[in-house]
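> Only the shape, not the letters, is given here:
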Ligand code: XLS
Ligand code: NI
Ligand code: NI
């Protein structure tokens, strides 16, 4: 039995900060109340099907290191059913409230488009039956529009309209399944929506195609009554040299241009933020500032490597700032913390993926608790409000509201002599460290 893969491993329970057992939670205490909500309802952890169940440990220089019984030795649909069994066993062991998947993670490619869709629907039937008794819910679904060679020059942005149409077929089926399983969001990561060389690329044409594709998806979402947002996942590069959904700011401009604000938001990933030359909290803060925040792919990149290493998030100060942003805005709405993270290819033991999730869940719980305390004390919010307090005066408010002309402001400035004030960066860095 494939589910024997985790034989001998007990469901992970909260055991308190003194526990040294890596298969217990030390900080993630799901029923503990934090800022008026259960911890589980704040963090909304999701297990990513692709990293946990389909990636065999390959890298560009070597083959499989994770020899999983559900990855070979039978026909693809039998393996897909075994994979579903082992996945739901892992959700149960981790007491995970959510999971997320691409169509191709859960069901194999068929011989035709309708064959692929039939495979997906057959596995969705299995999921639906399992979800009747399982706790786990679907955070989001998505379509893999980047692995197959037909998508090598893009899906929505492919120069060939037949590929565009094929992508429409897959994305419709994936949204249908996401809707049927009660998914709370639908994600679009445009891995091949970019270019390798401008010598063969018409950027304006490709952007219009992408705008059209997303508009059709939004129309369809409304037609079937899918209530959740469509989430674009920004990433600057990899696999393409330049990806159109470069970062949050780029996506915002794109959504505005194609009139998609309101229906489409962002799924922000730590490693992608870093690849774009930003910090994680920069991307999150900007998404809130522009009102397109949706969800999080929680992972971490390596400072010394320039690609998407997708390691488990373990950096408590960084996660504290993330949770501080989210908590400050009232917590997740449809989003959650999706573990778009994979173990290293040397972590070959069955317990390793569980230990990885537990350690990262604990890091997130610590970040949440620290953020709650910081917000209670207004440790960062207080100094921030003070710094902008000048803008609360009636005259400054009138300027900001557009009620003054440049001549009026210039005239009034003649009697001013503004004095510089400290930005207090090191003081604030010290404050953060007091809480983590
Ligand atoms: C790849 C992306 C991908 C998306 C889902 O870099 O992170 O895994 O999250 O397609
Ligand atoms: Ni991701
Ligand atoms: Ni990624």
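Great, that's in hand. These numbers come from a predicted model, not from an experiment. Ligands and ions are numbered 1, 2, ... in the order given.
> so where do the strands sit in the protein?
Along the chain, counting by DSSP state E, strands occupy 13-14, 24-25, 33-34, 37-38, 45-48, 98-102, 137-142, 185-188, 194-195, 230-232, 242-243, 264-269, 293-297, 337-339.
> so what's the closest residue to ligand 2 within the stretch 301-436 of the chain closest to, chain neighbours aside?
Nearest residue of the stretch 301-436 of the chain to ligand 2: residue 340, at 3.7 Å (CB to the ion). Just so you know, the C-beta spots here come from the backbone N, C-alpha and C atoms, and that holds for glycine as well. Closest residue in space to residue 340, ignoring its immediate chain neighbours: residue 297 at 3.6 Å, by CB to CB, 6 or more residues apart in numbering.
> Residue 306 now?
Nearest residue to residue 306, sequence neighbours excluded (CB to CB, 6+ apart): residue 275, at 7.2 Å.
> now do residue 352
Using CB to CB, 6+ apart, the nearest residue to residue 352 is residue 343, at 5.1 Å.
> what's the neighbour count on the residue nearest to residue 395 when sequence neighbours are not counted?
Nearest residue to residue 395, sequence neighbours excluded (CB to CB, 6+ apart): residue 412, at 7.6 Å. Counted with other CB atoms under 10 Å, residues neighbouring residue 412 total 12.
> just residue 99 next, same as before
Per other CB under 10 Å, the neighbour tally for residue 99 reads 30.
> about what we covered before: could you export the strands of the chain as a markdown table, including mean pLDDT and distance to residue 175?
Output for those, formatted as a markdown table (pLDDT from 0 to 100; distance: least, CB to CB, whole Å):
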| stretch | mean pLDDT | distance to residue 175 |
| --- | --- | --- |
| strand 13-14 | 98 | 36 |
| strand 24-25 | 98 | 34 |
| strand 33-34 | 98 | 33 |
| strand 37-38 | 98 | 29 |
| strand 45-48 | 98 | 18 |
| strand 98-102 | 99 | 12 |
| strand 137-142 | 99 | 7 |
| strand 185-188 | 99 | 5 |
| strand 194-195 | 98 | 23 |
| strand 230-232 | 99 | 9 |
| strand 242-243 | 98 | 22 |
| strand 264-269 | 98 | 13 |
| strand 293-297 | 99 | 16 |
| strand 337-339 | 99 | 18 |
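> Export these as a markdown table, with columns for distance to ligand 1.
What follows is those, written out as a markdown table (distance: least, CB to the nearest ligand atom, whole Å):
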| stretch | distance to ligand 1 |
| --- | --- |
| strand 13-14 | 28 |
| strand 24-25 | 25 |
| strand 33-34 | 26 |
| strand 37-38 | 25 |
| strand 45-48 | 7 |
| strand 98-102 | 6 |
| strand 137-142 | 5 |
| strand 185-188 | 6 |
| strand 194-195 | 12 |
| strand 230-232 | 10 |
| strand 242-243 | 10 |
| strand 264-269 | 5 |
| strand 293-297 | 5 |
| strand 337-339 | 7 |
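> which residues touch the residue of the stretch 301-436 of the chain closest to ligand 2?
48, 51, 269, 297-299, 310 (CB atoms under 8 Å, 6 or more residues apart in numbering).
> Output those of the residues you listed also counted as contacts of ligand 2.
Contacts with ligand 2 are made by 269, 297 out of the contacts of residue 340, judged by CB under 5 Å from the ion.
> Report the residue spans of the chain with pLDDT below the cut-off.
Within the chain, the segments meeting pLDDT under 70 span 1, 3.
> Which residue would you name as the spatial centre of it?
Among the residues of the chain, residue 297 comes closest to the average C-alpha position under CA atoms, centre = their mean, at 2.6 Å.
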